[in-house]
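Asker: What follows is a predicted structure for the sequence shown.
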Amino acid sequence: MLISFRLIGSRVKIGESLNSVQHKLNLPPRKIQSLLWKICRELGLFLLTCFMWTNSKYASRNGAALSSSSSYASAASVPRSEGEILESANVKAFSFNELRTATRNFRPDSVLGEGGFGSVFKGWIDEKTLTPTKPGTGMVIAVKKLNQESYQGHREWLAEVNYLGQLSHPNLVKLVGYCVEDEQRLLVYEFMPRGSLENHLFRRSTHFQPLSWNLRMKIAHGAAKGLAFLHSDKAKVIYRDFKTSNILLDANYDAKLSDFGLAKDGPTGDKSHVSTRVMGTYGYAAPEYLATGHLTTKSDVYSFGVVLLEMLSGRRAVDKNRPTGEHNLVEWARPYLTSKRRIFRVLDPRLGGQYSLAKAQKAASLALQC
Ligand SMILES: Nc1ncnc2c1ncn2[C@@H]1O[C@H](COP(=O)(O)OP(=O)(O)O)[C@@H](O)[C@H]1O
Ligand SMILES: [Mg+2]
């Protein structure tokens with residue numbers, strides 16, 4: 001089996017984790033769907049309790065996140081040709097020159113982030129005409145530019161146009177357009193002012209204050225709603241790259257999933273999985289997927305559990321700078337999560353006393369179920 005990973009971190013030790021998840025392999029897809037909805041529901045309830053419990057300054061903003069509006073335009077359909085995908089995408093086809101102007105020639109000091117695909121630049125366009133405008137005026141955009149040496153960039157680029165060009169939901173980032181010109185491949189998204197969850201959780205700088213408990217729960221809830229929508233019958237998509245760098249935050253800390261380069265159509269008919277090359281990110285990919293190449297919506301749910309654990313602990317899924325035995329977050333945290341008294345060993349010390357024991361236990365138990 002060809003294993004191709006976008007981010008090479010430490011190798012996942014799958015032996016031990018396999019046993020504990022193997023029994024889940026028999027679960028029918030409906031069960032998984034209901035687990036995701038359960039996550040959404042429980043996180044929703046959880047948030048409600050948070051609001052009643054504290055009068056924090058974020059309470060009113062969080063309340064907005066609870067009103068679940070899940071409108072969508074249309075769903076991705078059967079595999080289509082490149083021409084069909086580009087034609088049916090409800091987005092603008094930009095010229096390379098337009099995007100060069102909008103980003104001021106891809107200025108290095110306007111880089112918003114980097115990923116396996118390439119760099120993401122900040123730019124400005126007119127809201128109505130979608131043509132480049134002066135910096136600071138009109139609508140802010142994020143322009144992702146494929147590295148020329150990116151190994152499978154074109155395929156990922158097309159997958160993003162395919163899915164984000166069709167799917168629309170409050171917890172998915174909006175695609176504004178794309179550009180295909182000679183070897184150039186670019187994607188244009190709405191700008192997400194608070195950047196990625198990864199930066200908020202793991203970047204130590206004065207620019208990023210530690211996220212409060214309430215905000216972490218709000219973000220987890222939003223991301224779960226995005227994932228549940230993807231798995232729903234309306235979309236039937238497996239996301240395959242659920243991780244903190246792909247969860248973006250708007251001004252109100254509403255979470256939106258971005259980066260659909262690895263997304264796949266889910267299984268059709270009564271099939272439980274799709275067979276694929278194993279791709280994803282070490283530390284987030286489900287052990288049974290790594291072992292078999294069988295991709296199911298359960299693989300996304302596993303990754304959700306890893307992200308929830310990262311949010312609870314403030315630790316990365318894989319961190320080689322930690323002492324031996326603590327490199328892999330899931331393996332390290334698992335025994336603590338099942339213990340009522342030792343659960344505090346896992347929780348991020350930066351959270352202080354912002355949560356009750358009951359809430360911590362509930363969140364930990366959700367992560368374990370994933
Ligand atoms: N719409 C956006 N608004 C703000 N920052 C973004 C946006 N899209 C991406 N970024 C930043 O760029 C990083 C890489 O983007 P991503 O789409 O994940 O690229 P890749 O496919 O290379 O992983 C993100 O982690 C984030 O920090
Ligand atoms: Mg990414």
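Answerer: That came through fine. Numbers count the residues shown, from 1 in each chain. Ligands and ions are numbered 1, 2, ... in the order given.

Asker: And the pLDDT at whichever residue of the stretch 1-150 of the chain sits closest to ligand 2?
Answerer: When scored by CB to the ion, the stretch 1-150 of the chain has residue 115 as its residue closest to ligand 2, at 3.7 Å. Any C-beta I mention is one placed from the backbone N, CA and C, and that applies to glycine too. pLDDT for residue 115: 83.

Asker: Assess the claim that it and residue 259 are in contact.
Answerer: Yes: in terms of CB atoms under 8 Å, residue 115 counts as a neighbour of residue 259; the distance is 6.7 Å.

Asker: Mutual contacts of these two, please.
Answerer: Listed as contacting both residue 115 and residue 259 by CB atoms under 8 Å, 6 or more residues apart in numbering are residue 245.

Asker: Among the two, which residue is more densely surrounded?
Answerer: residue 259 (28 against 20; other CB atoms under 10 Å).

Asker: Name the SS class of residue 156, please.
Answerer: Under DSSP: H, G, I helix; E, B strand; the rest coil, the three-state class of residue 156 is helix.

Asker: Tally up the residues packed near the spatially closest residue to it that is not a sequence neighbour, please.
Answerer: If you skip the residues right next to it in sequence, residue 156 has residue 261 as its closest partner in space, 3.1 Å away by CB to CB, 6 or more residues apart in numbering. If you count neighbours by other CB under 10 Å, residue 261 ends up with 25.

Asker: I'd like the distance between residue 261 and residue 148.
Answerer: Distance of residue 261 to residue 148, given as CB to CB, to the nearest Å: 16 Å.

Asker: related to what we said a few turns ago, let's see the pLDDT reported for the residue nearest to residue 156.
Answerer: Looking at residue 261, the pLDDT reads 93.

Asker: does it really touch residue 161, like I thought?
Answerer: No: the pair residue 261 / residue 161 is not scored as a contact, 10.3 Å apart, by CB under 8 Å.

Asker: For the residue nearest to residue 340 when sequence neighbours are not counted, give me the backbone phi and psi.
Answerer: Spatially, and ignoring its direct neighbours in sequence, residue 340 is nearest to residue 361 (6.6 Å; CB to CB, 6+ apart). Main-chain torsions, residue 361, degrees, to the nearest 10: phi -70, psi -40.

Asker: now residue 146
Answerer: According to degrees, to the nearest 10, residue 146 has phi -70, psi 130.

Asker: quick one: contacts for it?
Answerer: 117, 118, 153, 154, 157, 184, 185, 186.

Asker: How about the fifth one: what's its closest non-neighbour residue?
Answerer: So that's residue 157. residue 185 (4.2 Å).

Asker: Surely the one you found forms part of a helix?
Answerer: No: going by three-state DSSP, the assignment for residue 185 is strand, not a helix.

Asker: which ones are touching the residue in the stretch 251-370 of the chain that ligand 1 sits nearest to?
Answerer: Closest contact between the stretch 251-370 of the chain and ligand 1, by CB to the nearest ligand atom, is at residue 259 (3.6 Å). Counting by CB under 8 Å, 6+ apart, residue 259 touches 115, 117, 160, 241, 245, 246.

Asker: what's the closest non-adjacent residue to the fourth one?
Answerer: So that's residue 241. Per CB to CB, 6+ apart, closest to residue 241 is residue 262, 4.5 Å.

Asker: Same question for residue 216.
Answerer: residue 311 is the one closest to residue 216 (CB to CB, 6+ apart), at 4.6 Å.

Asker: That's all I had, so thanks and see you.
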